[in-house]
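Participant: Quick one, what's the 3D model for this:
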Amino acid sequence: MQQRDPRDTTNLYLAIGLSCLVVLVWSYFFAPPPDKARLAQRPAQTSGAQTPGAQTSGATTANSQIPGQAPNGLAGAAGQGAPGQSAPEAAPKTRVEALAASPRIKLDTKALFGSISLKGGHIDDVSLKAYRETPDPKSPNIVLLSPLGSPAPYYAETGFFAASGEVLALPGPDALWSADRETLTETEPVTLSYDNGQGLVFHRKIEVDPRYMFSVTDSVENKTQKPVTLHPYAIVARHGKPASANFAVLHEGFVGVVGDAGVQEIKYDKIEKEDGAQKTFKGTGGWLGITDKYWAATVIPAQDRPIAASFSERQAEGAAGAPVKIYQSGFVGEAGQTIAPGASGAAKTMVFAGAKEVDALDAYERNLGILKFDLLIDWGWFYFITRPMYWALDHIYKFVGNFGVAILCLTVVIKGLFFPLANRSYMAMAKMKAVAPQIEAIRLRYPDDKPKQSQETMALYKRERINPVAGCLPMLIQLPVFFALYKVLVITIEMRQAPFFGWIKDLSQPDPTNVFNLFGLLPFDPSQIPVFGAYLMLGVWPLIMGVSMFFQMKMNPEPADPTQKMVFAWLPLVFTFTMGSFPAGLVIYWTWNNTLSVIQQSLLMKKAGAKIELWDNLANMFRKKAPG
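Facilitator: Numbers count the residues shown, from 1 in each chain. This is a model prediction of the structure:
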């Protein structure tokens, strides 16, 4: 019986370890957790669903305050509630019951429907006409904002608070406003009015465009005998931490740009680690809000006014005494307005509440002068790659009418751009093949001296003018492209529910088929199995991708080093299981890219007169090794 070389065993363990490391690193940075993958396209809150952590309704908030602003912060005047504050409810209500609890004006535009609450004057009931929870056209519309008292309150609020030392009766969250019309549309603005009975009359003009931008002009008439000083404020508040897509490369939570500080992003869990559970900013212009994967709500001050802003979390008492966390993003104007007797003062704030469509955000940034508003989408550190990738994909889509086909076309374009580099790389691989016998001779000459082997091999490469890493360049070059496409598929709403052909109804979601339940014949979902479920989402396209990767790797000469040989042998299988939970569009891209690489490499190797290794490598898999 042949004695196994101990080094073979060591190499085997090393190969397995390296493969496992690839899986772990890849999964951490790219793949969503198994229990989140199928929820990735779900909204943070739906019409009938309850957001985790928001079991209470009408939660009473503590006085909110943005440090660095006027001493009263956003706490409001004495005797008035703080922004976002309301009395605790005796029992939680459904969303429908919460909407019915206060008088409302109807919201009806080309893109939005819902209502505006006359109690508090909040923008707190917004649903999206163009987007539904699932690809089924009969599924419920996406609900973005919900009122106080509902299972998951999420709303925008604007107004004034008094300067330090002044005690004024300002309209709080329980103030009942009157309206000059019953419906708010893109052509018919609504003006709300409130008289505090002490000489101050407040007006709130609300306008909305055909997409997702509200313009709110708060004004006050001073009919008293003394001047008053007021500071405008605006907040977006969310009660309870929402369910999230939970992608490592996707930001969900607080987001904003204030002045020249650049984009600020803090996840819900991270705000607790800030001093006082809040982070403050100062600057001129910008915007702040809360973002989900595809939707967002932000408040936007006048871009020429200095503001003090913050992200914050506080815990308050909800229904039946249950605690609830309230996440708040907002700003206050640092320069207060002093309104003389008989005069009026006003402040304008914009409120974005809708889908993070690239064209819409770009248009708002360009036409309204909103500072870096396109960064509401998490393009990431590789903005300079991700943004052009989306631009190219979108333009191809507008020509071919299918994002899946657009991905295939873009892959061909990328292959064409990198053709000269790939040509040099494959030529280098041909030279490597030519000197393979000499490398094997070096290994046999110095079987127990690894340093000497390396020294002689490098000397050989130098004499023959071979760059040993040149063959890796095509793989290394495509990694940033792969990451950029992955980012685009994950973050852009344009990819949401975008179909391909056959069973792929949503390119941003994993292949819905699964080999482990015989493609739906068995009545269970393997992806829900604890621990291993993430690697059991093995559909048809991941299998095709694995086969294409296997053939691509067999195109190259097999490494002489046993460890490298084992690693490369395992990689197609490892990536097949790993990519099962990835967006189908990414798997289709990788499959098509592998296929084009095989064709390209075959043509270039044939042109260089080098032998194509594919068939020999396949045949060697089935040959019995001679006893040695």
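Participant: my read: residue 491 touches residue 291, true?
Facilitator: No: in this structure residue 491 lies outside contact range of residue 291 using CB atoms under 8 Å: 10.3 Å. Backbone N, C-alpha and C define where each C-beta goes, glycine included.
Participant: overlap in contacts of the two?
Facilitator: residue 378 (CB atoms under 8 Å, 6 or more residues apart in numbering).
Participant: low pLDDT regions in the stretch 401-550 of the chain?
Facilitator: Filtered on pLDDT under 70, the stretch 401-550 of the chain yields the residue ranges 426, 429-430, 467-475, 477-478, 533-534.
Participant: Where do the strands of it begin and end?
Facilitator: For the stretch 401-550 of the chain, no strands are identified by DSSP state E, counting those that start in this stretch.
Participant: How about the stretch 101-250 of the chain?
Facilitator: Using DSSP E, counting those that start in this stretch, strands in the stretch 101-250 of the chain cover 104-108, 112-117, 123-132, 141-145, 154-162, 178-179, 183-184, 190-195, 200-208, 213-222, 228-239.
Participant: With respect to residue 602, which of these lies nearest?
Facilitator: strand 123-132 (44.5 Å; CB to CB).
Participant: Can you list the buried residues in that closest one?
Facilitator: 123-128, 131-132 (16 or more other CB atoms under 10 Å).
Participant: Just the closest of these to residue 259, please.
Facilitator: residue 123 (25.2 Å).
Participant: beta partners of the residue nearest to the closest one when sequence neighbours are not counted?
Facilitator: Computed as CB to CB, 6 or more residues apart in numbering, the closest residue to residue 123 that is not its neighbour in sequence is residue 156, at 4.5 Å. For residue 156, the beta-bridge partners are residue 123, residue 236 (DSSP bridges).
Participant: In contact with residue 156, which residues?
Facilitator: 122-124, 145, 214, 234-237, 297, 299, 351, 353.
Participant: for residue 139, same thing?
Facilitator: 132-133.
Participant: Against residue 584, how distant is it?
Facilitator: 20 Å (CB to CB, to the nearest Å).
Participant: For stretch 99-117, measure first residue to last.
Facilitator: Terminal residues of stretch 99-117 are spaced 8 Å apart (CA to CA, to the nearest Å).
Participant: Buried residues, that stretch. List them.
Facilitator: 99, 101-102, 104-105, 107, 109, 111-112, 114-117.
Participant: Find out how far that stretch is from the centre of the chain, if you would.
Facilitator: Here stretch 99-117 is found 28 Å from its chain centre; the criterion is CA atoms, centre = their mean, to the nearest Å.
Participant: quick one: contacts of it?
Facilitator: Here stretch 99-117 has contacts from 93, 118-120, 122-130, 141, 145, 147, 149-150, 176, 179, 181-186, 190, 192, 206, 208-212, 353-354, using CB under 8 Å, 6+ apart.
Participant: Any quick ChimeraX command for the buried ones out of the residues you listed?
Facilitator: Remark: buried members of the contacts of stretch 99-117, expressed as a ChimeraX selection using 16+ other CB under 10 Å:
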select :93,118,119,120,122,123,124,125,126,127,128,141,145,147,149,150,179,184,185,190,192,206,208,209,211,212,353,354
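Participant: check contacts around the residue minimising distance to the centre of the chain.
Facilitator: Centroid-nearest residue in the chain, with CA atoms, centre = their mean: residue 250, separated by 3.5 Å. Residue 250 is in contact with 293, 378, 490-491, counting by CB under 8 Å, 6+ apart.
Participant: With only the CA atoms kept, save stretch 153-169 in PDB.
Facilitator: Extracted in PDB, the C-alpha atoms of stretch 153-169 (Å, rounded to 0.1, in the frame of the first residue of the first chain):
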ATOM      1  CA  PRO A 153     -45.200  55.900  13.500                       C
ATOM      2  CA  TYR A 154     -42.900  57.600  11.000                       C
ATOM      3  CA  TYR A 155     -43.600  61.200  10.000                       C
ATOM      4  CA  ALA A 156     -42.200  64.600   9.200                       C
ATOM      5  CA  GLU A 157     -42.900  67.700  11.200                       C
ATOM      6  CA  THR A 158     -42.000  71.400  10.800                       C
ATOM      7  CA  GLY A 159     -42.700  74.600  12.800                       C
ATOM      8  CA  PHE A 160     -41.300  77.200  15.200                       C
ATOM      9  CA  PHE A 161     -40.000  77.200  18.700                       C
ATOM     10  CA  ALA A 162     -39.400  80.200  20.900                       C
ATOM     11  CA  ALA A 163     -36.100  81.800  21.600                       C
ATOM     12  CA  SER A 164     -34.500  81.500  25.000                       C
ATOM     13  CA  GLY A 165     -36.400  83.300  27.800                       C
ATOM     14  CA  GLU A 166     -39.600  83.600  25.800                       C
ATOM     15  CA  VAL A 167     -42.800  81.800  26.900                       C
ATOM     16  CA  LEU A 168     -45.200  81.500  23.900                       C
ATOM     17  CA  ALA A 169     -48.200  79.300  23.200                       C
END
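Participant: Quick check: buried residues in it?
Facilitator: 153-163, 166, 168-169.
Participant: mean confidence score for it?
Facilitator: Average pLDDT, stretch 153-169: 89.
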